[in-house]
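Enquirer: quick one, fold the following:
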Amino acid sequence: MDTEGLPLLLPPGTLAALADSWLREDCPGLNFTALATGAGPSQAALWAKSPGILAGRPFFDAIFAQLDCRVSWFLPEGSKLVPVVRVAEVRGPAHRLLLGERVALNTLARCSGIASAAAAAVELAKAAGWAGHVAGTRKTTPGFRLVEKYGLLVGGAACHRYDLGGLVMVKDNHVVAAGCVDKAVRGARLAAGFELKVEVECGSLREAVQAARAGADLVMLDNFKPEELHPTAAALKAQFPRVAVEASGGVTLDNLAQFCGPHVDVISLGMLTQAAPALDFSLKLFVEEAVTPRL
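Expert: Got it, this is the predicted structure:
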């Protein structure tokens, strides 16, 4: 995927609204340090201090755009970071530059951390000779989902369904509420119409077969150990070759390769958004040295 083209997916109005809400959260009242810094023109360098994948430029830009500051980037989105490296410069009034500093760094660090974890997972899957899709899940931070899903894409992973309307997911609790797998899937199929796929979470081969017979497009084999996953997926595919199989639950970067197999189409990892460590960035003000012209 062209990572430099990914910012086109982000609506400008949504970016501006998110940036505004983050800044309001961080400073809902008086900005007391503004009197210490003043409003004079200033510039700061953005440094990456840990290795990983750069992700989140559009959110960083949107935050400083709200504050009338300009960002100049030296590295494209999706770049591999080798610390310590100068990533960008930010210019604007000192009090506004510093008002956006922590919000912008937090967003960039978190997004880059998720992209880095996603890239590591994709590389592990490729090294195992597997050609399926590594995906995230809906285990995201409220109010921060767009950033986290975007980070997955920059890292080369699939973001899975963005919200409840992106895919009809029938989980164990839906089956309990409906009374049985067949009834739950038929209801979901009716609601999905022709435009949405239906996925069913299953805990056994029996449930998976029931879901496939009822019209599921995807079957999630949830919390299966690798030694149980692969024979179950093979048996399901033998009867329903067009049904896609997703493996989920308990997958980490350490054991991902064990879940890769010829009958598994998707492996989803909640840890990509829940447990990815943030990258370390810093924003340091600097004074430009005057250049003496040659006479």
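Enquirer: which stretches of the stretch 51-200 of the chain form strands?
Expert: Along the stretch 51-200 of the chain, counting by DSSP state E, counting those that start in this stretch, strands occupy 52-53, 70-73, 80-81, 85-93, 133-135, 168-170, 198-202.
Enquirer: CSV please, covering these and showing mean neighbour count.
Expert: All C-beta atoms are positioned from the backbone trio N, CA, C, and that covers glycine. Listed next are those as CSV, based on neighbours: other C-beta atoms under 10 Å:
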stretch, mean neighbour count
strand 52-53, 26
strand 70-73, 14
strand 80-81, 16
strand 85-93, 18
strand 133-135, 21
strand 168-170, 22
strand 198-202, 26
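Enquirer: nearest to Ala109, of those?
Expert: Taking C-beta to C-beta, strand 52-53 is the member of the strands of the stretch 51-200 of the chain nearest to Ala109, at 9.6 Å.
Enquirer: how close does the closest residue to Ala88 other than its chain neighbours get to Arg138?
Expert: Among residues not flanking Ala88 along the chain, Leu46 sits closest, at 4.2 Å (C-beta to C-beta, 6 or more residues apart in numbering). Distance, Leu46 to Arg138, using C-beta to C-beta, to the nearest Å: 31 Å.
Enquirer: so these two - more neighbours on which side?
Expert: Neighbours were counted for Leu46 and for Arg138 using other C-beta atoms under 10 Å; Leu46 has more, 24 against 18.
Enquirer: list the contacts of the strand or helix carrying the more buried one.
Expert: Per DSSP states H and E: Leu46 is located in strand 41-48. Here strand 41-48 makes contact (C-beta atoms under 8 Å, 6 or more residues apart in numbering) with 54, 81, 83-94, 97, 101, 279-286, 288.
Enquirer: what lines up beside that strand in the sheet?
Expert: Paired neighbours of strand 41-48 in the sheet (DSSP bridges): strand 85-93 (antiparallel), strand 281-285 (antiparallel).
Enquirer: can you point out the buried residues in it?
Expert: Residues of strand 41-48 classed as buried by neighbour count (16 or more other C-beta atoms under 10 Å): Ser42, Gln43, Ala44, Leu46, Trp47, Ala48.
Enquirer: mind listing what the nearest residue to Pro58 once chain neighbours are set aside touches?
Expert: Of all residues not flanking Pro58 in the chain, Pro7 sits nearest, at 4.4 Å (C-beta to C-beta, 6+ apart). Counting by C-beta under 8 Å, 6+ apart, Pro7 touches Arg57, Pro58, Glu77.
Enquirer: quick check: pLDDT value at Pro293.
Expert: With respect to pLDDT, Pro293 has a value of 44.
Enquirer: now do the lowest-mean-pLDDT helix or strand in the chain and strand 198-202, the angle between them.
Expert: Ranked by mean pLDDT, DSSP states H and E, the helix or strand of the chain with the weakest confidence is helix 181-192, at a mean of 90. Interaxial angle, helix 181-192 versus strand 198-202 (axes from the mean of the first three to the mean of the last three C-alpha atoms, to 10 degrees): 160 degrees.
Enquirer: same for helix 181-192, what does it pack against?
Expert: Applying 3 or more C-beta pairs under 8 Å, 6 or more residues apart in numbering; DSSP states H and E, we find helix 181-192 packed against strand 168-170, helix 172-178, strand 198-202, helix 205-214.
Enquirer: closest to Leu30 out of the ones you listed?
Expert: Leu30 lies closest, by C-beta to C-beta, to one member of these: strand 168-170, at 45.1 Å.
Enquirer: let me have the helices and strands packed on helix 181-192 in JSON lines, extended by mean pLDDT.
Expert: Listed next are these as JSON lines, based on pLDDT from 0 to 100:
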{"stretch": "strand 168-170", "mean pLDDT": "94"}
{"stretch": "helix 172-178", "mean pLDDT": "92"}
{"stretch": "strand 198-202", "mean pLDDT": "96"}
{"stretch": "helix 205-214", "mean pLDDT": "95"}
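Enquirer: no further questions, thank you.
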